[in-house]
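# Pasted the sequence and its predicted model underneath.
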Amino acid sequence: MEKNTRNNLIRSLKIVWQSSRIWSLVNAAVVLLKGVMPLLLIFIVQMLVDEVSDVLKGDGYAKGVESVYYVLLFAGGVFVLNALLNSLTGIISEKHAFYIDDTVQDSIHACTSKLDFANYDDYNFQNIYYRAINEATYRPKKIYYGFVGLIQNSITLALIAGLLAGLNWMLMIALVLVSVPVVYIRLRYSRKIFSFNREHTEDERSVGYYNRLLTDKAFAKELRAFNLSGLFKKRFEEQKNSLRSKRFRMLKLKTGYELAVQLITAAALIVVFGFIASTAIEGNITQGQMVMYFLAMYRGYSFLQDLLSRISGLYEDGLFLKNFFEFIDFDVIRYEKKNVALFPEKIKEGILIDEVSFKYPNSSRAALKNVSFNINPGETIALVGANGAGKSTLVKLLCGLYRPDEGSICFDGVDLSEIKKDSLAKNVSVVFQDFMLYNVTARENIWFGNVMRSQSDEEISLSAAKSGVDKLIETLPKEYDTVLGTLFKDSEMLSVGEWQRIALSRSFFNDAQLVILDEPTSSLDAFTESQLIQNFKAITKGRTAIIVSHRMSTIHLADRIVVLNERGVAEVGTPAELLAKQGVFYDMMQSMRKNGVV
């Protein structure tokens with residue numbers, strides 16, 4: 001077995017042991033007992049046949065019948081114990097599986113929650129993540145139970161081997177020799193399947209993607225509006241069938257080899273059974289012993305096959321666990337430095353964006369080039385520019401989701417890359433253009449803006465009032481305790497504009513120093529937008545704010561405007577200054593007026 005595979009098995013067993021030492025020990029104890037049971041059952045059969053044979057011979061009939069009853073009584077006790085162990089195994093395994101699943105999920109959640117956002121744009125990481133999630137849910141406990149079964153079969157086989165050695169030690173060697181080829185074939189197949197899955201990870205992800213397009217609610221509208229279901233179903237079936245046919249070809253080859261080996265094995269077993277029968281005919285063993293050896297040979301072969309299958313299974317699981325540990329150990333893109341700092345208690349000097357350039361992972365095109373400007377404390381800045389100019393990208397940089405490839409972003413001279421994530425989250429509040437729709441209560445939807453604060457009615461309703469969604473929430477069946485969305489019973493679905501107001505409330509609930517709003521009024525009706533504009537200065541009083549917008553009504557809320565284009569910062573100034581300058585911003589506004597957009 002390869003060193004890496006062996007290490008993966010050991011790490012997996014450590015996970016199982018650490019999940020619950022008590023249940024691991026209880027499981028081991030039951031395994032030991034179950035390992036002895038098959039041999040006890042074989043001995044019972046031998047004793048029963050011999051006792052019945054003695055009775056039929058007529059030697060001491062009454063005493064013989066009494067002996068048969070004792071053997072039957074003993075057999076009943078063993079059967080009851082065996083049944084009890086089988087029942088307990090189910091309960092113990094299920095209970096232990098809970099702890100193993102929890103430990104594995106904790107490991108995954110610990111990785112994904114601390115993972116820097118940039119990794120989700122890395123296709124290589126996406127492949128590793130996909131493979132790990134598929135394997136992590138069941139492989140560790142499968143390895144444990146495979147290992148436990150291996151020990152159980154080893155105990156049983158050792159006892160059966162000792163029994164067969166009493167007749168002829170060559171019998172056990174014959175068993176091993178006829179079983180080894182099957183294991184060799186399975187090990188080779190496991191390696192091929194592992195290599196196949198790694199090589200076709202992206203193909204499997206593509207199949208999963210088209211399945212999502214066909215089943216996920218997020219795609220349901222366009223699927224129907226553009227009649228895309230037929231096309232997507234065709235692509236799904238083609239890719240799925242292509243993968244299946246390749247996998248099936250490997251399976252057919254493996255099955256052919258196994259069938260040939262099994263035929264040879266069957267012939268070998270017939271020869272061994274013939275040897276046992278001839279030994280009984282010669283009078284060297286009793287009828288009961290003959291039956292015992294028949295059973296021992298048959299059961300021994302079965303257990304040896306199971307043992308070798310478990311070995312090949314452990315080898316396969318060890319290979320596939322590489323996917324899980326590859327994810328846990330992945331050298332991810334990490335931005336946070338070791339020497340972390342806190343966000344300034346109160347911004348005094350302002351925010352400096354200095355020569356910032358950035359391109360997304362695995363992209364050759366720069367999203368930002370040499371962007372430089374400053375934001376004064378308490379100032380409201382509007383970011384404007386054509387689509388693709390980098391406005392939303394800059395918002396993500398300011399939130400710490402990405403780090404600049406070149407240049408820096410500083411808050412009062414403190415580099416953003418050195419600020420702790422929890423400190424940054426506490427002081428920067430944002431509403432993204434693609435804001436989240438949480439299927440929880442209206443109260444929790446707002447509270448998620450800062451879960452360190454209490455869910456007091458006064459604070460929650462105040463944040464709702466700032467975005468103008470308070471009146472809507474008061475009309476819901478359970479008001480702030482109404483579950484929003486469509487996933488759960490008694491939920492209330494909102495319009496896109498209403499969801500956006502909930503998202504704005506969430507941002508306002510976080511009493512952050514920096515408020516970032518990416519297209520905050522894109523889905524709002526004119527009346528709600530007017531209310532928000534009227535309240536905006538009061539909402540952002542004493543705070544620094546950044547607005548990304550194309551609407552002149554929203555842009556005029558800004559103290560200064562920063563115009564971005566493909567070359568970086570095109571212009572900076574107050575709305576009046578830029579309109580008077582008749583530069584890029586002026587041309588943009590004129591174009592919008594001409595097309596009736598403003």
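Looks like it came in fine.
# Contacts only, for the residue nearest the centre of the chain.
Nearest to the geometric centre of the chain sits Ile133, at 3.7 Å (C-alpha atoms, centre = their mean). Neighbouring residues of Ile133 by C-beta atoms under 8 Å, 6 or more residues apart in numbering: Ile108, Phe327. For the C-beta atoms, the positions are set from N, CA and C on the backbone; glycine is no exception.
# so which strand or helix has it?
According to DSSP states H and E, Ile133 maps onto helix 123-136.
# and if you look at Gln455?
Going by DSSP H and E, Gln455 is not in any helix or strand.
# Around the nearest residue to it once chain neighbours are set aside, how many other residues sit close by?
Nearest non-adjacent residue to Gln455, counting by C-beta to C-beta, 6 or more residues apart in numbering: Trp447, 4.9 Å away. Residues near Trp447, counting by other C-beta atoms under 10 Å, number 23.
# Trp447 and Ser491, how far apart?
From Trp447 across to Ser491, the span is 18 Å (C-beta to C-beta, to the nearest Å).
# Same check on Glu479?
14 Å.
# Tell me who's in contact with Ser505.
Asn445, Ile446, Gly449, Ser463, Ala464, Lys466, Ser467, Val469.
# Strands - which of those land there?
For those, not one is inside strands, with DSSP state E as the criterion.
# Counting neighbours, which of those residues comes out on top?
Busiest of these [other C-beta under 10 Å] is Ile446, holding 30 neighbours.
# need the contact list for it.
Applying C-beta under 8 Å, 6+ apart, the residues contacting Ile446 are Ile460, Ser463, Ala464, Ile502, Ser505, Arg506, Phe509.
# So for the second one, what's the pLDDT?
Translated: Ser463. Looking at Ser463, its pLDDT stands at 88.
# try the fifth one
Per-residue pLDDT puts Ser505 at 88.
# what's the answer for the first one, then?
Here the pLDDT value assigned to Ile460 is 91.
# do the same with the fourth one
Confidence at Ile502, expressed as pLDDT, is 89.
# Could you report the neighbour count for Gln287?
Gln287 has 13 nearby residues by other C-beta under 10 Å.
# How about it, nearest residue that isn't a chain neighbour?
Ser53 (5.3 Å).
# could you point out which element follows the helix holding Ile133?
helix 139-165.
# Remind me what that next one packs against, helices and strands.
Other helices and strands packing on helix 139-165, by 3 or more C-beta pairs under 8 Å, 6 or more residues apart in numbering; DSSP states H and E, are helix 3-19, helix 21-57, helix 61-114, helix 170-199, helix 287-328.
# residues of it that come out buried?
139-150, 152-153, 155-157, 159-161, 163-164 (16 or more other C-beta atoms under 10 Å).
# In the helix holding Ile133, which residues are buried?
Buried-residue list, helix 123-136, by 16+ other C-beta under 10 Å: Phe125, Gln126, Asn127, Ile128, Tyr129, Tyr130, Arg131, Ala132, Asn134, Glu135, Ala136.
# ok, so of these, who is nearest Glu355?
Phe125 (28.2 Å; C-beta to C-beta).
# So the closest one sits against Asn119, correct?
Yes: shown here, Phe125 and Asn119 form a contact pair, counting by C-beta atoms under 8 Å, at 4.7 Å.
# Assumed Gln500 was part of a strand.
No: assigned with DSSP: H, G, I helix; E, B strand; the rest coil, Gln500 falls outside any strand and is helix.
# gap between it and Lys346?
Gln500 is 30 Å from Lys346, by C-beta to C-beta.
# Repeat that for Leu514.
12 Å.
# the more surrounded of the two?
Leu514 (21 against 10).
# still on that earlier bit, list the contacts for the residue nearest to Gln455?
Contacts of Trp447 by C-beta under 8 Å, 6+ apart are Arg453, Gln455, Ile460, Arg506, Phe509.
# So the second one is in contact with Arg443, correct?
By that I understand Gln455. Yes: look at Gln455 against Arg443 with C-beta under 8 Å: they come within range, at 5.8 Å.
# Neighbour count for the two, which is higher?
Neighbours per residue (other C-beta under 10 Å) separate Gln455 from Arg443, with Arg443 holding more: 20 against 14.
# And what about that one, helix, strand or coil?
Per three-state DSSP, Arg443 ends up helix.
# Ranking helices and strands of the protein by mean pLDDT, which lands last?
Least confident helix or strand, the chain: helix 526-539 with a mean of 68, by mean pLDDT, DSSP states H and E.
# which element follows that one toward the C-terminus?
strand 544-548.
# Can you read off the backbone torsions of Cys353?
For the record, residue 353 is Ile, not Cys. Dihedral pair for Ile353: phi -100, psi 110, per degrees, to the nearest 10.
# That one: neighbour count?
22.
# so it touches Ile409, yeah?
Yes: assessed by C-beta under 8 Å, Ile353 is found in contact with Ile409 at 5.5 Å.
# Skipping its backbone neighbours, what lies nearest Gln289 in space?
Gln46 (6.0 Å).
# Make sure that neighbour is actually in contact with Met292.
Yes: using C-beta under 8 Å, Gln46 is in contact with Met292, at 3.5 Å.
# Settle it for me: which of the two has more neighbours?
Using other C-beta under 10 Å as the criterion, Gln46 and Met292 rank with Met292 on top: 25 against 22.
# can you pull the contacts of the more buried one?
With C-beta under 8 Å, 6+ apart, Met292 has these contacts: Ile42, Phe43, Val45, Gln46, Val49, Leu163.
# swap in Ile460?
Shown in contact with Ile460 (C-beta under 8 Å, 6+ apart): Arg443, Ile446, Trp447, Tyr480, Phe509.
# got it, and Val430?
Here Val430 is in contact with Val395, Cys399, Ser507, Val515, Ile516, Leu517, Asp518 (C-beta under 8 Å, 6+ apart).
# Check whether it sits in a helix, strand or coil.
Assigned state for Val430: strand (three-state reduction, three-state DSSP).
# And for Ile409?
Applying three-state DSSP: Ile409 is strand.
# wouldn't it be in contact with Asp415 here?
Yes: using C-beta under 8 Å, Ile409 makes contact with Asp415 at a distance of 7.4 Å.
# Comparing these two, which residue is more hemmed in?
When Ile409 and Asp415 are compared for neighbours, Ile409 comes out ahead with 21 against 15, by other C-beta under 10 Å.
# With adjacent residues omitted, what lies nearest to that one?
Nearest one to Ile409, counting by C-beta to C-beta, 6+ apart, is Leu416 at 4.4 Å.
# how deep is the one you found tucked in, by neighbour count?
Leu416, neighbours per other C-beta under 10 Å, totals 22.
# contacting residues around it?
Leu397, Leu398, Gly400, Arg403, Ser408, Ile409, Cys410, Leu424.
# can you confirm Asn374 is in a strand?
Yes: according to three-state DSSP, Asn374 belongs to a strand.
# Could you report the neighbour count for it?
16.
# Same question for Thr574.
Thr574: 13 surrounding residues under other C-beta under 10 Å.
# so who does it touch?
Asp559, Arg560, Ile561.
# Which one (most neighbours) among those?
Ile561 (22 neighbours).
# For that one, name its beta-bridge partners.
Beta-bridge partners of Ile561, counted by DSSP bridges, are Ala382, Gly573.
# Could you check the pLDDT of it?
Taking Ile561 on its own, its pLDDT is 90.
# Do I have it right that it meets Ile555?
Yes: using C-beta under 8 Å, Ile561 is in contact with Ile555, at 6.4 Å.
# List the residues that are in contact with both of the two.
Ala382, Val384, Pro575.
# tell me the average confidence for whichever strand or helix holds Ala266?
In the assignment (DSSP H and E), Ala266 maps to helix 229-281. Averaging pLDDT along helix 229-281 gives 80.
# now do stretch 478-492
Average pLDDT, stretch 478-492: 87.
# If we go by neighbour counts, what in it is buried?
Result for stretch 478-492 [16+ other C-beta under 10 Å]: buried residues Tyr480, Thr482, Val483, Leu484, Ser491, Glu492.
# Mind listing the residues bridging to the residue nearest to Asn370 when sequence neighbours are not counted?
The spatial neighbour of Asn370 that comes closest, neighbours along the chain excluded (C-beta to C-beta, 6+ apart), is Gly568 at 4.6 Å. For Gly568, the beta-bridge partners are Asn565 (DSSP bridges).
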